[in-house]
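J.: Quick one: sequence and predicted model below, then my questions.
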Number of protein chains: 2
Amino acid sequence: MGARPRIAIDAMGGDDGVRVMIAGVALARHRHDGLHFNLYGDETRIKAALDSHPNLRAASEVFHTEEVVAATDKPSQALRKSKKSSMGLAIAAVKSGEAGAAVSAGNTGALMAMSKLALRTMPGIDRPALAALLPTLGDNDVVMLDLGANTECDAQNLIQFAVMGAAYARSALDLDRPRVRLLNIGTEELKGTDEIREAAAILRAATTLPMQFDGFTEGDKIGSGETDVIVTEGFAGNIALKTAEGTARFVTDLLKRAFTSSIRSKAGFLLSKPALHMLKVHLDPNNHNGAVFLGLNGVIVKSHGSADAKGVANAVNVAAKLLRQNITERITEDLANFRAHFPSESLAS
Amino acid sequence: MGARPRIAIDAMGGDDGVRVMIAGVALARHRHDGLHFNLYGDETRIKAALDSHPNLRAASEVFHTEEVVAATDKPSQALRKSKKSSMGLAIAAVKSGEAGAAVSAGNTGALMAMSKLALRTMPGIDRPALAALLPTLGDNDVVMLDLGANTECDAQNLIQFAVMGAAYARSALDLDRPRVRLLNIGTEELKGTDEIREAAAILRAATTLPMQFDGFTEGDKIGSGETDVIVTEGFAGNIALKTAEGTARFVTDLLKRAFTSSIRSKAGFLLSKPALHMLKVHLDPNNHNGAVFLGLNGVIVKSHGSADAKGVANAVNVAAKLLRQNITERITEDLANFRAHFPSESLAS
């Protein structure tokens, strides 16, 4: 795998197609001079899009394929496209070591299934998890995982997610000892499911890990800034992530209605506009685009289907950063450290 | 049980104590002339609070007790206070039929445990669920359940929640055929856990019920107004509810920061203030206070611990409405209807 500064791009994913993907990669390339890209997909459309981005054209190779994973493909259907589709080829480039990371804006379930099959999970990890950085009121973003890759998790899975999430926070947020909590329906020790309580008991004792385990947190504290890593199973994690997105949109919709409800409030809006721009930037999901499948032998980043060029650039930046920081090696070290201090039952592999 | 217009009030719950509870009940009494109240708790403090509310004093009886369920009591500890605590006495009044409903702002786990023990679940219901009305961008609120009473649910539980939630929506929202969906991590049929898919298959076939089952919905659609009843297990439901609360606060905090960031934006805020008041009203949790334990032989309403007098009044209004509309009988009828059309395995009791 290694840290070769080359990223494989599935150019065919995303709601707005090739043009947005290429524009996003070009934007990221401006920030990462040394990076090179392999672009997979329809050659004619990719080359047409590259015409507007000579800086990217000079730093990339195009690999033609006509096969595409559809948004409606079930994982089982998508797996049959592993060999020829733009998504499958991008993942294969990571497997062969040709690229250090891959970015796709395609079907999440397909990306997960294909990546798992091609790259396999890391030693010590039973299931990969989908992790993302979310905005907070504190000094840094918060890493949250799993966001939907696993609908049911046992204590071992949650512990592995905590170890991987902490490694991600150390890489992405430059923290020495990220503060980690398990998402729960209360903060008292007896709250929640058996799996969560068991995971908490083990993590509380795992003081040699480069993280600080602070127990449980609740849904209303996700963005409070008091935690750096929030660990949960994929069902609740996905529900929480989407509920947060939906609520933010709900409040801003109400805000728009308020501002347009009278001439007076319209004038107020115009006066406040520069300040409100800050709010918009903070809430724009494009600024937090780029979820990572942690726990695979290789870096796979999922860009949101509806991301714009800025969003795609963010996803590419996430991939570049994880590659530079050797996230895979970091997680491997942490898992080895964990196993050295705990009996084997604590962390099945 | 019946529909006697008398409500039992645990006057000792809530973060701000007796005075707020009594002020809230008095506020509700203004809207419900025929209602009478039993007030349980410290007689001296209740009577002192009643001095400011002669309208309520004239319509209520005070029952003295010194025992109180603490916020930190575990359900098992609280159960030992069933006979003498203000919470236990309020529930006992519903059991004896003296009151038609009870309202408490105390410890949720204790209220659930005590209510379940005293009132028992309705025939056909395995587990009660905590339901609340949440704001939407549509024409009416949405009923959501379970909000944390049950951390793990099977398909039968989810189906029973759907039946109860629909009955609640018909009562509280005056709808003939509420639109019901199961909360899931995707809308395709194959998404989610086995329990959710099984519940969906049975609900899809249950066309004789007074509800319209529309399949799955995701976290970002909770407040969209396209669904009247959202059904989920208590873990994800609690996480979603609190994530929505936290995100709404997060966005309004950012908004406050934006408005105070410059003199210009402060002026804009002053101009927009009347319009922004609408936003505040819409988001004020007090306007949606009053969660209901559905599935018990009696109406038990939980007021939020931090609710103000207006919030408490809302919780009392919820209790009054459910009482007036015979929610318990409605659910019983729906369950009988369901069983008449489905083999007994579909709805274990």
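T.: Arrived safely, thanks for sending.

J.: Outline the domain layout of chain A.
T.: A:1-125+A:295-320, A:126-290 (the TED database).

J.: now the end-to-end length of stretch A:186-201.
T.: For stretch A:186-201, the first-to-last residue distance is 16 Å (C-alpha to C-alpha, to the nearest Å).

J.: Revised request: answer the last question for stretch A:209-221.
T.: 24 Å.

J.: just the strands in the stretch 101-250 of chain A please.
T.: A:101-104, A:129-134, A:142-145, A:179-183, A:212-217, A:229-231 (DSSP state E, counting those that start in this stretch).

J.: In CSV: the ones you listed, plus distance to A:R31.
T.: Any C-beta I mention is one placed from the backbone N, CA and C, and that applies to glycine too. Listed next are those as CSV, based on distance: least, C-beta to C-beta, whole Å:
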stretch, distance to A:R31
strand A:101-104, 14
strand A:129-134, 17
strand A:142-145, 21
strand A:179-183, 29
strand A:212-217, 31
strand A:229-231, 25
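
J.: Let me have those in a markdown table, extended by mean pLDDT.
T.: Below are these laid out as a markdown table (pLDDT from 0 to 100):
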| stretch | mean pLDDT |
| --- | --- |
| strand A:101-104 | 97 |
| strand A:129-134 | 94 |
| strand A:142-145 | 96 |
| strand A:179-183 | 98 |
| strand A:212-217 | 97 |
| strand A:229-231 | 98 |
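
J.: The domains of chain A: which one's closest to B:D146?
T.: Minimum separation from B:D146 across the domains of chain A (C-beta to C-beta) falls at domain A:126-290, 10.6 Å.

J.: distance between the ends of the closest one?
T.: First residue to last in domain A:126-290 (C-alpha to C-alpha) measures 23 Å.

J.: Compute the distance from the centre of it to the centre of its chain.
T.: Mean-position distance between domain A:126-290 and its chain equals 12 Å (C-alpha atoms, centre = their mean, to the nearest Å).

J.: show me the contacts for A:A167.
T.: A:294, A:327, A:330-331, A:334 (C-beta atoms under 8 Å, 6 or more residues apart in numbering or on different chains).

J.: now A:A99
T.: Here A:A99 is in contact with A:4, A:6-8, A:38, A:90, A:93 (C-beta under 8 Å, 6+ apart).

J.: any residue of stretch A:15-33 up close to chain B?
T.: No: taking C-beta under 8 Å from any C-beta of the partner chain as the criterion, stretch A:15-33 and chain B are apart, separated by no less than 15.6 Å.

J.: Could you give me the buried positions within that stretch?
T.: A:17-29, A:32 (16 or more other C-beta atoms under 10 Å in any protein chain shown).

J.: Could you look up the SS state of the closest residue to A:K84 other than its chain neighbours?
T.: Take A:K84 and drop its neighbours on the chain: the residue closest to it by C-beta to C-beta, 6 or more residues apart in numbering or on different chains is A:E67, 4.2 Å away. The local conformation at A:E67, judged by DSSP: H, G, I helix; E, B strand; the rest coil, is coil.

J.: which one of the strands of the stretch 101-250 of chain A lies closest to B:A236?
T.: Of all those, strand A:179-183 comes closest under C-beta to C-beta, at 10.4 Å.

J.: between that closest one and strand A:212-217, how many degrees?
T.: In terms of direction (axes from the mean of the first three to the mean of the last three C-alpha atoms, to 10 degrees), strand A:179-183 departs from strand A:212-217 by 20 degrees.

J.: What pairs with strand A:179-183, parallel or antiparallel?
T.: Applying DSSP bridges, strand A:179-183 is found paired with strand A:212-217 (parallel), strand A:229-231 (parallel).

J.: What lies in contact with it?
T.: A:158, A:162, A:165-166, A:192, A:196, A:199-200, A:203, A:211-219, A:222, A:226-232, A:236-237, A:240, B:239.

J.: are any of these buried, and which?
T.: Buried among these by 16+ other C-beta under 10 Å: A:158, A:162, A:165-166, A:192, A:196, A:199-200, A:203, A:211-214, A:216-219, A:222, A:227-232, A:236-237, A:240, B:239.

J.: how much space between the residue most central in space within chain A and A:A315?
T.: Residue closest to the mean C-alpha point of chain A, counted by C-alpha atoms, centre = their mean, is A:A291 at 1.3 Å. Distance of A:A291 to A:A315, computed by C-beta to C-beta, to the nearest Å: 8 Å.

J.: Could you tell me which residues touch both of the two?
T.: With C-beta under 8 Å, 6+ apart, A:A291 and A:A315 have common neighbours A:301-302, A:304.

J.: As TSV, those residues with neighbour count, pLDDT and secondary structure would be great.
T.: Listed next are the shared contacts of A:A291 and A:A315 as TSV, based on neighbours: other C-beta atoms under 10 Å in any protein chain shown; pLDDT from 0 to 100; DSSP: H, G, I helix; E, B strand; the rest coil:
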residue	neighbour count	pLDDT	secondary structure
A:V301	27	97	strand
A:K302	27	96	strand
A:H304	22	92	coil
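
J.: would you turn those residues into CSV with distance to A:C153?
T.: Putting these into CSV (distance: C-beta to C-beta, whole Å) gives the following:
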residue, distance to A:C153
A:V301, 22
A:K302, 19
A:H304, 23
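
J.: Looking at those, spot the one nearest chain B.
T.: A:H304 (12.2 Å; C-beta to the nearest C-beta).

J.: thinking that closest one is in contact with A:G311, fair?
T.: Yes: A:H304 is within contact range of A:G311, at 6.3 Å (criterion: C-beta atoms under 8 Å).

J.: Spell out which residues are contacts of both of the two.
T.: Joint contacts of A:H304 and A:G311 (C-beta under 8 Å, 6+ apart) are A:285-286, A:289.

J.: Quick check: of those residues, which lies closest to B:S272?
T.: A:P285 (25.2 Å).

J.: residues in contact with that closest one?
T.: Per C-beta under 8 Å, 6+ apart, neighbours of A:P285: A:245, A:304, A:307, A:311.

J.: So the residue of the stretch 1-150 of chain A found nearest chain B versus A:K81, what's the distance?
T.: Per C-beta to the nearest C-beta, A:G148 is where the stretch 1-150 of chain A lies closest to chain B, at 5.2 Å. According to C-beta to C-beta, A:G148 stands 21 Å off from A:K81.

J.: Those two: which is more packed in?
T.: A:G148 (24 against 20; other C-beta atoms under 10 Å in any protein chain shown).

J.: which non-adjacent residue is nearest A:R249?
T.: Once flanking residues are discounted, A:R249 sits nearest to B:D220: 7.3 Å by C-beta to C-beta, 6+ apart.

J.: and A:S82, how many neighbours?
T.: The number of residues near A:S82, taken as other C-beta under 10 Å, comes to 18.

J.: One more: A:H277?
T.: Count around A:H277 with other C-beta under 10 Å applied: 11.
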